[in-house]
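# Below is the sequence, then the predicted model.
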Amino acid sequence: MMIKITPDLYASKQQRFANYLIDLIINLLLFYGIFFGIIYLSYIFLEDTTSIDLFIYELDNVNPILDRIITAIIMALLYFTFETLLKGRTIGKYATKTKVVLEDGTSPKPIDYLKRSFSRMIPFEALSFLGSEGRGWHDTISNTYVVDVKAFELRLKSESELEQLGKPQF
């Protein structure tokens, strides 16, 4: 069933901020866990760790701008993966009971999640939430909305009940 997403269904700024913090912590733990896990396993199983040592040295001395670009790409890919696999949700969105939908209330397609994820790389994008509507650039660029699940499901239920009015009940 399709409904029009209105501001009363939007996730609050507090929910959005909590989403950001929770997802940031989860993504960083996941990234560093995998990264250090690979390094650790390399030292255990490889006889010659010269290439790993050189890689770590190079990482320690990487250009700060390149570091930020690589980190942003990795974070965007993590957001994309979570939102795609969890159908519009991340761990943070599960915790705050919010989800991503399109303007008609349907689930976004993977391309929409990809746009959302890579739009987060725009400098100062986090400040875009300071507006009165509370939608960030990654929402507007991808034409998506983050809604409160409880309010959204209540609206879906009431719209469904309205549709059933006047129809014969067998």
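Happy to help now that I have it. Since we're looking at a predicted model, the values are computed, not measured.

# and the spatially most central residue of the chain, helix, strand or coil?
Centroid-nearest residue in the chain, with Cα atoms, centre = their mean: Tyr79, separated by 4.1 Å. Following DSSP: H, G, I helix; E, B strand; the rest coil, we place Tyr79 in the helix state.

# OK, contacts around it?
23, 27, 90, 113, 116-117, 120 (Cβ atoms under 8 Å, 6 or more residues apart in numbering). Any C-beta I mention is one placed from the backbone N, CA and C, and that applies to glycine too.

# just Val149 next, same as before
So Val149 contacts 97-99 (Cβ under 8 Å, 6+ apart).

# out of these, who's nearest Leu162?
Nearest to Leu162, judged by Cβ to Cβ, of these is Lys99 at 22.6 Å.

# Run a quick neighbour tally on that closest one.
If you count neighbours by other Cβ atoms under 10 Å, Lys99 ends up with 23.

# Mind checking what helix or strand follows the helix ranked longest in the chain in sequence?
Ranked by number of residues, the top helix in the chain under DSSP state H is helix 13-45. As assigned by DSSP states H and E, the chain's next helix or strand after helix 13-45 is helix 50-60.

# Could you list the buried residues of that next one?
The neighbour-count check on helix 50-60 (16 or more other Cβ atoms under 10 Å) flags nothing as buried.

# Please save the CA atoms from it in PDB.
Extracted as PDB, the C-alpha positions of helix 50-60 are listed here (Å, rounded to 0.1, in the frame of the first residue of the first chain):
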ATOM      1  CA  THR A  50      57.500  -7.800   5.100                       C
ATOM      2  CA  SER A  51      54.700  -6.800   2.800                       C
ATOM      3  CA  ILE A  52      52.300  -6.400   5.700                       C
ATOM      4  CA  ASP A  53      54.900  -4.300   7.600                       C
ATOM      5  CA  LEU A  54      55.300  -2.100   4.500                       C
ATOM      6  CA  PHE A  55      51.500  -1.700   4.100                       C
ATOM      7  CA  ILE A  56      51.200  -0.600   7.800                       C
ATOM      8  CA  TYR A  57      54.000   1.800   7.400                       C
ATOM      9  CA  GLU A  58      52.400   3.300   4.300                       C
ATOM     10  CA  LEU A  59      49.100   3.600   6.000                       C
ATOM     11  CA  ASP A  60      50.700   5.400   8.900                       C
END
